[in-house]
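Student: I would like the atomic coordinates for the input below:
(2 chains)
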Amino acid sequence: MDAINFLIHGFALAIQPSNLIFAAIGVFIGTAVGVLPGIGPALTVALLLPVTFKLDPGGSLIMFAGIYYGGMYGGSTTAILLNTPGESAAVVTALEGNKMARAGRGGPALATAAIGSFVAALIATVGLAFVAPFLVKVAVKFAPWDYFGLMLIAFVTVSATFGSSPLRGLTSLAFGLWLGLMGLDQLTGQARLTFGVPQLLDGVEVTTLAVGLFAIGEALYVAGRHLFKPEKPIPVKGSIWMTKEDWSRSWKPWLRGTAVGFPIGALPAGGAEIPTFLSYTMERKLSRKPEEFGSGAIEGVAGPEAANNASAAGTLVPLLTLGLPTSATAAVMLAGFQQYNIQPGPLLFAQHADLVWGLVASLFIANVMLLVLNLPLVGLWVRLLAIPLPWLYGGILVFAAMGTIAANPSVVELLLLVGFGVVGFLMRRYDYPVAPAVVGLILGPLADNALRRSLQMSLGDPTVFLKHPSSAIMIAIAAIALVLPFLFKGLAKFRQDED
Amino acid sequence: MFEKIMKAPNRPALVIALALFAMAAVTYWDASRMAARATYGMNASAASYFVCLFFVVLGLGHVVSAFQAASIEVEDIDMKAIGWVALALAGLIGSIWLGAGFVLGSTLLFAFTARAFGRRALLVDLVIGALMGLVIFLLFNKLLSLALPQGPLERALF
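Tutor: All right, here's what the predicted structure looks like:
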């Protein structure tokens, strides 16, 4: 198989000392931000983009992927010991995990979460390595109209299908699309929505939007609602190792969680929350001891945690093969690729084969590192929670400012950052999802280009999208996905994730 | 039935609807000033018109939802804490604007934010913020060769 040869080559690159160091830094930072409240992987990668601008692309991307994986591991620690999930995909883990910790079984809960994450990420990364080349073969045949259809699907699923309210999700998306219009048009060089401000000619930076919405919006929201009452983590008592019964109750949920998480992550439907909820309900139905659910069932930790990590790996499939981000973290990582003038998509595997396969191979290595970091060293991460929140948020804002100024030292950029912060605060306050805005900003201009290039190729004939079966089917799927949530309000219970 | 009509509409949704209409108007105005340059198909302004239309539809959706039962409960917020964060951000922007440098800006940003989150030891936080700003400045300008804005303090020190 081709994939195996490429992977071996990738491993040769990934075990180079510099790449190992990048992976280690990534998983370390990722676990830390997963544990800490208020910062998720999307924000962290956004903050680090300007810092890594002058570093080696391969190494930086390995680091970003490490942060993504690490954030998923770290989130479970906070969810189990504090009942405040560090990131939204760990919400379900808190349900049973925190109950287990309260019953003095915090150790096994942490262990099943960490080992489950490891197993899931391992299988899902193998899946990524084998599915990606196949998808690439399909995707090289994609014409602009196919890309346009695909982006329509991504727009709709990210904003409407799984959100709490399609109206609010679509409004967030529209805001992102509007920001995407700003600046010089790529095809004709005309300025759109720049209002005579020269700094706007380059368009709105994805990092500025992400940092403003996530960091400043979150800080304003948390400060305004006094959500900073100190909470004491539950100390881990007794053995952290799982008993034989724990193992036998955990391994099936791990595998089932992976089976649910990876495909959902890989579909352009996005979000790590849907698979975690699905896995939780599934384990509850299949459990030998369903009565334990609600008071600390180990299956309820093992399954969702595995689903969570598998879907994180799954998200990388559309990102790498199609250039299609389906979560905010993936959108920011796409910006990371673009800052080195590398465009993810089918050509990535041809033009930058070393980089892609080195990245995939280091995901395996990062995964092993994360298991070590999270099992024996879990006490260290718990101590991070002792940082006083005033300092934590002060630090987050200083880093946010630093990242923005370093990328573009102008007052206009800072004013934009603060403006987005205010918008992010209002969006949180009135329950608008933030992720669609980020995805809209990054995919909007790409969709605009795909649409216009299609029309140029068809000499202005708009039926080009319906004449090709592939794009016609995709546009139909997007239309169905848009109408569905208005018909079935029940879908709304799968809330879209923010990170 | 009468009650339903008399019920006060959901204010935030109406305000958002107005904001959406305003953004649609701005976008329309901007697009209408662009010259047509495309040979085939669409101009660069077509996407603007599309987003404009999208805003109008969403605005109408908000107007409709404003007269339905409010689904979100909005909690009270502490404007004083928000004010401190605003002051922190203003301190940063002010010191960059006036050329006072990154270190002063991040000092004010850190200390005022900590204050917003309930810290009372402003002096200690100012010192911490200044140290943090200095370390970041050194790291960026010396190690990563990325230029953070310099003020009199940075120029005097390095």
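Student: what parts of the stretch 251-400 of chain A come near chain B?
Tutor: A:Pro388, A:Leu389, A:Pro390, A:Trp391, A:Tyr393, A:Gly394, A:Gly395, A:Leu397, A:Val398 (CB under 8 Å from any CB of the partner chain). C-betas here are computed from N, CA, C, even on glycine.
Student: what's the last one in contact with, if anything?
Tutor: A:Val398 is in contact with B:Ser106, B:Leu109, B:Phe110, B:Gly129, B:Met132, B:Gly133, B:Ile136, counting by CB atoms under 8 Å, 6 or more residues apart in numbering or on different chains.
Student: tell me which helix or strand it sits in.
Tutor: helix A:389-407 (DSSP states H and E).
Student: neighbours around A:Gly419, how many?
Tutor: When neighbours are counted by other CB atoms under 10 Å in any protein chain shown, A:Gly419 registers 14.
Student: for B:Val57, same thing?
Tutor: Neighbour count of B:Val57, defined by other CB under 10 Å: 15.
Student: equivalent analysis for A:Ala124, please.
Tutor: A:Ala124 has 31 neighbouring residues, counting by other CB under 10 Å.
Student: that one is in what secondary structure piece?
Tutor: helix A:106-139.
Student: ok, now how distant is A:Ser311 from A:Leu128?
Tutor: 12 Å (CB to CB, to the nearest Å).
Student: also A:Gln338?
Tutor: 21 Å.
Student: quick one: which of the two has more around it?
Tutor: A:Leu128 (24 against 15).
Student: doesn't A:Pro318 make contact with the more buried one?
Tutor: No: contact criterion CB atoms under 8 Å: A:Leu128 and A:Pro318 do not qualify, at 10.6 Å.
Student: which among the residues of the stretch 251-400 of chain A next to chain B end up buried?
Tutor: Buried residues within these, counting neighbours by 16 or more other CB atoms under 10 Å in any protein chain shown: A:Leu389, A:Pro390, A:Trp391, A:Tyr393, A:Gly394, A:Gly395, A:Leu397, A:Val398.
Student: hang on, the earlier thing: and the helix holding A:Ala124, what does it pack against?
Tutor: Where contact means 3 or more CB pairs under 8 Å, 6 or more residues apart in numbering or on different chains; DSSP states H and E, helix A:106-139 is packed against helix A:2-14, helix A:57-82, helix A:91-102, helix A:244-266, helix A:299-322, helix A:346-351, helix A:353-374.
Student: so which elements touch the second one?
Tutor: What it means is helix A:57-82. Packing partners of helix A:57-82 (3+ CB pairs under 8 Å, 6+ apart): helix A:17-35, helix A:41-51, helix A:91-102, helix A:106-139, helix A:299-322, helix A:328-339, helix A:353-374, helix A:378-384.
Student: deepest in the core, which of the ones you listed is it.
Tutor: Comparing these by mean neighbour count (mean count of other CB atoms under 10 Å in any protein chain shown), helix A:299-322 ranks first with a mean of 31.
Student: chain B: helices as residue ranges?
Tutor: B:2-6, B:11-32, B:45-66, B:79-97, B:102-116, B:122-138, B:152-157 (DSSP state H).
Student: would CSV of those helices with mean pLDDT and distance to A:Val332 be doable?
Tutor: As requested, the helices of chain B are exported to CSV (pLDDT from 0 to 100; distance: least, CB to CB, whole Å):
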stretch, mean pLDDT, distance to A:Val332
helix B:2-6, 41, 45
helix B:11-32, 88, 24
helix B:45-66, 89, 22
helix B:79-97, 90, 22
helix B:102-116, 90, 22
helix B:122-138, 88, 21
helix B:152-157, 76, 30
